[in-house]
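[1] Below: sequence and its predicted model.
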Amino acid sequence: MLDLIVIISLALLFGLALAYVQGCARLKGDRP
Amino acid sequence: MSLYGWLQIVVFIAAVLLLAKPMGSYMARVFERRKTFLDPVLVPCERLLYRLTGVHAEQEMRWTEYLVAMLIFSAATLTLTYVVERIQHLLPLNPQHLPGVESALALNTAISFTTNTNWQSYVPETTMSYLTQMLGLATHNFWSAAVGIALAIAFIRGIARRESKTLGNFWVDLTRATLWILLPISLVLSLALVSQGVVQNFRPYDTAKLVESQRVTGADGKVTTITTQTIAQGPVASQEAIKMLGTNGGGFFNTNSAHPFENPTPLSNFLEMLAIFLIPAGLTVTLGQMVSSPKHGWAVLAAMVVLWFAGTSVCYWAEAQANPLLHGVDQHASMMQPGGNMEGKEVRFGIANSALFATITTDASCGAVNSMHDSYMPLGGMVPMANILLGEIVFGGVGAGLYGMLVFVVMAVFIAGLMVGRTPEYLGKKIEAFDVKMCMLYLLIFPLIILGFASVSVLMPRLGLSSLANQGPHGLSEILYAYTSATGNNGSAFAGLNANTHWYNYSLGIAMFFGRFMMAIPMLAIAGSLAGKKIVPASAGTFPVTTPLFTTLLTGVILIVGALTFFPALSLGPILEHLLLRAGHAF
């Protein structure tokens, strides 16, 4: 159970990082 | 302080400067895909790897693609390490029959090694099997260092290229950094360390009978007589070399490079210190060569040397002072003793090499230690912390140090432009609003994470104070250092804080994650922006980035940004502790 929570948390963290990349790209006007 | 101490410091930096040019030129050749003497052996390996993984080496990536590739690689390798830790009891090479690592600790460690931090909330020799140390941790020492180098090279290409949409290929840069740079040097360094007495084997731990038995009182008040000692060993040398070269810092043993099996002699100590600065110093030369302005590379290196020397001097001076609370003890240097504060230091290294190591390991994002920073005098302990707080850009981690420094370069150029009222330019590229916004994101995320988590830990005693060994300003320093080390991806511990609790494992894990990826993203956005710009010809109004004036401005910007951001926190920690020590209070 704990492992599942950890894997989901990691997916969320990396998802956040990807969203951050997209946010920076939008700010620049690039295609994400 | 002694003449011999200073001589050792001077010899060390002279060796770094002598090796910077050959190392930097070699790395420039590797990443510009020019011929090197290792090509006959490594090019076939490289081709085979691309064929097996389906990588198209000629395919260039935009900055967003480069970042996504980096994140995918990091996510995959992080998960691998987590799984290996959790099931190590089912895997081979576990002669001590160590159980699987607890979930929160496994997550913390996996993030720690993926982000090149190597923060260790555990005792390695009683927690990690040989397979976990090699497959889960040592591999990350290579991968995380190679990722850092790849990102720095991408940033350099962003500066060097004109009107380009791409920054290179992440997989190619990662592969070449590993095969051409990290593996060969690690191999040579491992053998050199073995020659000095660093162990390398797969044997179960030995048990030795003590010459004199010892009586130890446990936490429950029960007295136990100890008659034997377990001597931990394992494949240490192979991990030690890349631990230093990749500025990783995670020790095979709990006491890290203070352990005689990791760092047995003054020569091994010298080689380990040299390995920490070798690639970061070389990368400044790589920068100069790849942007066709070698003098700019030297100007950046000069700023690093100035900041390194300031830190080393203060740390050495502070540790050479006598402790005012040790009344009646002769603490003066003489032929019979080094004098000063020898607490927490190994006799075979002495004060100069301990202060030098502490400064180097925190200038770079290494985090290996050969003495215990918690036992330093307050101002001596402040230096390692301040080094990390400056952003790990004084040489810095492999790759991460250079790109962090280049963000400061962009800021310095921007400030110079503001001062003279001209549009700032950096090597012919105009610095515009987007670039400065990304710079500010980079610079603000760092203190936000450190000070935010440290504040929560201090204000919520059940979370942050329950595992703290010291009170007062020293206790604050221990907490502040932990988050500074994690966010700066350094990994050294001030000690005095048991970080193997749920709060610290999770919060430090998040701090390491954000400190690596959330800072790399705006950095590469700047690189992508710079790559797409035209080169403006230099004019009389162009601020030269190759002169001592530039080095001075860059150093000033770094110090001012660092001082303004963190001075209040340092005042409540090590500076207050220093003043109270003078008044007769210890914590």
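    That came in fine, so what should we check first? Numbering: from 1, shown residues only, chains lettered A, B, ... in the order given.
[2] which helices and strands does the helix or strand of chain B with the lowest mean pLDDT pack with?
    Among the helices and strands of chain B, helix B:461-464 carries the lowest confidence by mean pLDDT, DSSP states H and E, at a mean of 84. Here helix B:461-464 touches helix B:433-459, helix B:502-531, going by 3 or more C-beta pairs under 8 Å, 6 or more residues apart in numbering or on different chains; DSSP states H and E. Glycine gets a C-beta too; all of them are placed from N, C-alpha and C.
[3] Give the rounded mean pLDDT of the shortest one.
    What it means is helix B:433-459. The average pLDDT for helix B:433-459 rounds to 92.
[4] Spatially, what comes nearest to residue B:90 if we skip its sequence neighbours?
    residue B:100 (7.7 Å; C-beta to C-beta, 6 or more residues apart in numbering or on different chains).
[5] err, residue B:399, not the other one
    residue B:148 (3.0 Å).
[6] residues in contact with the one you found?
    By C-beta atoms under 8 Å, 6 or more residues apart in numbering or on different chains, the residues touching residue B:148 are B:116, B:247, B:397, B:398, B:399, B:400.
[7] Name the member of the residues you listed with the most neighbours.
    residue B:247 (38 neighbours; other C-beta atoms under 10 Å in any protein chain shown).
[8] and that one, what element?
    Here residue B:247 sits in a region with no helix or strand, counting by DSSP states H and E.
[9] Repeat that for residue B:227.
    Here residue B:227 is assigned to strand B:223-231, by DSSP H and E.
[10] who does the helix or strand that that strand is followed by touch, helix- and strand-wise?
    Downstream of strand B:223-231, the first helix or strand assigned by DSSP H and E is helix B:236-245. Applying 3+ C-beta pairs under 8 Å, 6+ apart, one finds that helix B:236-245 contacts helix B:139-160, helix B:183-196, helix B:266-290.
[11] Spell out which parts of the stretch 51-200 of chain B neighbour chain A.
    For the stretch 51-200 of chain B, the contact set with chain A under C-beta under 8 Å from any C-beta of the partner chain comprises B:62-64, B:67-68, B:71, B:74-75, B:78-79, B:82, B:86, B:103-104, B:106-107.
[12] so of the residues you listed, which ones are in helices?
    Counting by DSSP state H, those place B:63-64, B:67-68, B:71, B:74-75, B:78-79, B:82, B:86, B:103-104, B:106-107 in helices.
[13] Point out where chain A drops to low pLDDT.
    Low-confidence segments of chain A (pLDDT under 70): A:30-32.
[14] who in it is up against chain B?
    Residues of chain A lying near chain B (C-beta under 8 Å from any C-beta): A:2-3, A:6-7, A:9-10, A:13-14, A:17-18, A:20-22, A:24-25, A:27-28, A:30-32.
[15] Repeat the analysis, applying 7 Å as the threshold.
    When proximity is defined as C-beta under 7 Å from any C-beta of the partner chain, chain A approaches chain B at A:2-3, A:6, A:10, A:13-14, A:17-18, A:20-21, A:24-25, A:27-28, A:30, A:32.
[16] Give the buried subset of those as a ChimeraX selection command.
    Selecting only the buried entries of those in ChimeraX, with 16 or more other C-beta atoms under 10 Å in any protein chain shown as the criterion:
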select /A:6,10,13,14,17,18,20,21,24,25,28,30
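[17] Name the single longest strand found in chain B.
    Longest strand in chain B by number of residues (criterion: DSSP state E): strand B:206-217.
[18] Give me the sheet partners of that strand and which way each runs.
    strand B:223-231 (antiparallel) (DSSP bridges).
[19] Flag every buried residue along the partner strand.
    Buried residues in strand B:223-231 (16+ other C-beta under 10 Å): none.
[20] And residue B:1, how close does it get to residue B:117?
    32 Å (C-beta to C-beta, to the nearest Å).
[21] more neighbours, those two?
    residue B:117 (33 against 18).
[22] Assess the claim that that one and residue B:491 are in contact.
    Yes - between residue B:117 and residue B:491 there is a contact at 4.4 Å, judged by C-beta atoms under 7 Å.
[23] Residue B:394 and chain A: what is the separation?
    27 Å (C-beta to the nearest C-beta, to the nearest Å).
[24] List the contacts of the nearest residue to that residue once chain neighbours are set aside.
    Leaving aside its sequence neighbours, residue B:394 sits nearest to residue B:363 (C-beta to C-beta, 6+ apart; 3.9 Å). Taking C-beta atoms under 7 Å, 6 or more residues apart in numbering or on different chains, we find residue B:363 in contact with B:308, B:311, B:387, B:394, B:395.
[25] Let's see the pLDDT reported for residue B:363.
    So, for residue B:363, pLDDT stands at 92.
[26] what about it, distance to residue B:585?
    31 Å.
[27] And for residue B:501?
    28 Å.
[28] The residue nearest to residue B:90: what secondary structure?
    Secondary structure for residue B:100, judged by DSSP: H, G, I helix; E, B strand; the rest coil, is coil.
[29] shouldn't it be in contact with residue B:84?
    No - between residue B:100 and residue B:84 there is no contact under C-beta under 7 Å: 9.7 Å.
[30] Which one of the two is surrounded by more residues?
    Shown here are residue B:100 and residue B:84; by other C-beta under 10 Å, residue B:84 has more neighbours (23 against 16).
[31] I'd guessed that one sits against residue B:135; true?
    Yes - the pair residue B:84 / residue B:135 is scored as a contact, 5.6 Å apart, by C-beta under 7 Å.
[32] Tell me who's in contact with the closest residue to residue B:16 other than its chain neighbours.
    Leaving aside its chain neighbours, residue B:16 sits nearest to residue B:277 (4.7 Å; criterion: C-beta to C-beta, 6+ apart). For residue B:277, the contact set (C-beta under 7 Å, 6+ apart) comprises B:16, B:360, B:364, B:395.
[33] How much space separates the residue nearest to residue B:394 from chain A?
    27 Å.
[34] can you check residue B:20 too?
    32 Å.
[35] so where does that residue fall, helix or strand?
    Assigned by DSSP H and E, residue B:20 falls in helix B:3-31.
[36] Mind checking what helix or strand follows that helix in sequence?
    Heading C-terminal from helix B:3-31 (DSSP H and E), you reach helix B:39-53.
[37] pLDDT of that next one, averaged?
    According to the model, helix B:39-53 has a mean pLDDT of 95.
[38] still on that earlier bit, show me the contacts of residue B:277 that map onto helices.
    B:16, B:360.
[39] Pull the most distant pair out of the contacts of residue B:277.
    B:16 and B:364 (10.9 Å; C-beta to C-beta).
[40] which of those two has more neighbours?
    residue B:364 (33 against 24).
[41] of all the helices and strands packed on helix B:461-464, which lies closest to chain A?
    helix B:502-531 (4.3 Å; C-beta to the nearest C-beta).
[42] Can you point out the buried residues in that closest one?
    B:503-531.
[43] so which of the residues you listed are also by chain A?
    B:513, B:517, B:518, B:521, B:522, B:525, B:529.
[44] quick revisit: of the helices and strands packed on helix B:236-245, flag the one that's most buried.
    Across the helices and strands packed on helix B:236-245, the average number of neighbours (mean count of other C-beta atoms under 10 Å in any protein chain shown) peaks for helix B:139-160, which reaches a mean of 26.
[45] Return it as PDB; C-alpha atoms alone will do.
    Once non-C-alpha atoms are left out, helix B:139-160 reads as follows in PDB (Å, rounded to 0.1, in the frame of the first residue of the first chain):
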ATOM      1  CA  THR B 139      24.900   3.700 -10.900                       C
ATOM      2  CA  HIS B 140      23.100   6.900 -10.000                       C
ATOM      3  CA  ASN B 141      26.500   8.500  -9.100                       C
ATOM      4  CA  PHE B 142      27.200   8.100 -12.900                       C
ATOM      5  CA  TRP B 143      23.800   8.900 -14.200                       C
ATOM      6  CA  SER B 144      23.000  12.000 -12.100                       C
ATOM      7  CA  ALA B 145      26.500  13.400 -12.800                       C
ATOM      8  CA  ALA B 146      26.100  12.700 -16.500                       C
ATOM      9  CA  VAL B 147      22.700  14.400 -16.500                       C
ATOM     10  CA  GLY B 148      24.200  17.500 -14.800                       C
ATOM     11  CA  ILE B 149      27.000  17.600 -17.400                       C
ATOM     12  CA  ALA B 150      24.400  17.200 -20.300                       C
ATOM     13  CA  LEU B 151      22.300  20.100 -19.000                       C
ATOM     14  CA  ALA B 152      25.400  22.300 -18.700                       C
ATOM     15  CA  ILE B 153      26.500  21.400 -22.200                       C
ATOM     16  CA  ALA B 154      23.000  22.200 -23.400                       C
ATOM     17  CA  PHE B 155      23.200  25.600 -21.700                       C
ATOM     18  CA  ILE B 156      26.600  26.300 -23.400                       C
ATOM     19  CA  ARG B 157      25.100  25.400 -26.800                       C
ATOM     20  CA  GLY B 158      22.300  27.800 -26.100                       C
ATOM     21  CA  ILE B 159      24.900  30.600 -25.700                       C
ATOM     22  CA  ALA B 160      27.000  29.400 -28.600                       C
END
